[in-house]
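Visitor: my questions concern the predicted model and sequence given below.
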Amino acid sequence: MAEPVRIAVFGAAGKMGGAIARAIAETPGACLVAAIERPDFPELGADASRLAGLPESGVRLQANRPGRGAAEVWIDFSTPGAAVANSSAAAQAGAALVIGTTGLSTQDREAIASVAKKIPIVLAPNMSVGVNVMLRLVADAARALGSAYDIEIVETHHRAKRDAPSGTALRLAEAVAEATGRDLGKSARYERHGEIGPRTADEIGIQTIRGGDVVGDHTVFFLGQGDRIEITHRASSRECLARGAVRAALWLHGRGPGLNDMRDVLGLK
């Protein structure tokens, strides 16, 4: 029987970190071996599994990154600055890396892509299997419907989310732009206020709602003359994101260097 894949989780005490710890515990072939938090975190030394609502595992929250050979795959749901630094550290440790951190800048992505020449990386703003199937459906619909339908994207998240629009909304917009041959930098419309004139056919609207404890809702509207199509994904908990991240970690194990996303993991390309 094969040994389980040894996984380290960054941001382990956060809501996503706890969900990932639970997903690892329920996934055959996966094993949590390290749980990392920021150096000033007040509960360093606490049992990471217990904080996630699981029986104690002996894996304690630590501030130091795992050394070479300690973990085969790192899963990072931290902050943009930390994710870039962690990618370089993963390369030094010889570990594969799953990055679900959102709010990454173009420069951050370029830095991660450079590291991916040395180690295998999965970078995705949303690890949910459902959302990544949605990306495929949205691209297919955009190609089939063509310019006769206006496309708008609306995303809703909890009040504490710091970046807007969500990384998933931006990825949906990219999928639409790629499918229809548009330049998203020119077509994206992030807000409307006052006398704005009629909507142009080339626009891709991306609108943000924040409030309450919403985990994540995304809807893509295809608005035609006389009918409309709505494709929606609603996350009722973070567990779907966590299970996708662990699935990506197992898929990465043993692969060569390269930058991948969840469509690679799911065979949707």
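Guide: Cool, the structure landed. Numbers count the residues shown, from 1 in each chain.

Visitor: show residues contacting the longest helix anywhere in the chain.
Guide: Ordering each helix of the chain by length in residues (DSSP state H) puts helix 129-145 first. Helix 129-145 has contacts (Cβ atoms under 8 Å, 6 or more residues apart in numbering) with 124, 126, 151, 168, 171-172, 175-176, 178-180, 218, 220, 222, 224, 229, 231, 233, 235, 240, 243-244, 247, 261-263, 265-266, 268. Every residue, glycine included, has its C-beta placed from N, CA and C.

Visitor: just the ones of those residues in helices?
Guide: Per DSSP H, those map to helices at 168, 171-172, 175-176, 178-180, 240, 243-244, 247, 262-263, 265-266.

Visitor: restricted to buried residues, select those in ChimeraX.
Guide: Restricted to buried positions by 16 or more other Cβ atoms under 10 Å, the ChimeraX selection for those reads:
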select :168,171,172,175,176,179,180,240,243,244,247,262,265,266
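
Visitor: max pairwise distance over the ones in helices among the contacts of helix 129-145: which two?
Guide: Thr180 and Arg243 (31.3 Å; Cβ to Cβ).

Visitor: centre of the chain versus stretch 200-217, how much separation?
Guide: 17 Å (Cα atoms, centre = their mean, to the nearest Å).

Visitor: just stretch 254-264 next, same as before
Guide: Relative to the chain's own centre, stretch 254-264 is displaced by 14 Å; criterion: Cα atoms, centre = their mean.

Visitor: tell me which residues in it are buried?
Guide: Those would be Leu259, Asn260, Asp261, Met262, Asp264, for stretch 254-264 by 16+ other Cβ under 10 Å.

Visitor: of all the residues you listed, which two lie farthest apart?
Guide: Using Cβ to Cβ, the two most remote members of these are Leu259 and Met262, lying 12.3 Å apart.

Visitor: tell me which element Asp108 is part of?
Guide: Element membership for Asp108 (DSSP states H and E) is helix 106-115.

Visitor: so how far is that helix off the chain centroid?
Guide: The answer for helix 106-115 is 15 Å, by Cα atoms, centre = their mean.

Visitor: what does stretch 14-23 give?
Guide: Here stretch 14-23 is found 14 Å from its chain centre; the criterion is Cα atoms, centre = their mean.

Visitor: what is the rounded mean pLDDT of it?
Guide: In this model, stretch 14-23 carries a mean pLDDT of 93.

Visitor: got the contact list for that stretch?
Guide: Contact with stretch 14-23 is made by 9-12, 30, 32, 35, 48-49, 51-54, 75, 77, 100, 237-239, 241-243, 245-246, as judged by Cβ under 8 Å, 6+ apart.

Visitor: just the CA atoms of that stretch, as CSV, please.
Guide: These are the backbone C-alpha positions of stretch 14-23, laid out as CSV (Å, rounded to 0.1, in the frame of the first residue of the first chain):
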residue,chain,number,x,y,z
GLY,A,14,-8.0,30.3,9.6
LYS,A,15,-11.5,29.2,8.4
MET,A,16,-10.1,27.8,5.2
GLY,A,17,-7.1,26.2,7.0
GLY,A,18,-9.5,24.3,9.3
ALA,A,19,-11.6,23.2,6.4
ILE,A,20,-8.5,21.9,4.6
ALA,A,21,-7.4,20.0,7.8
ARG,A,22,-10.8,18.3,7.9
ALA,A,23,-10.6,17.5,4.2
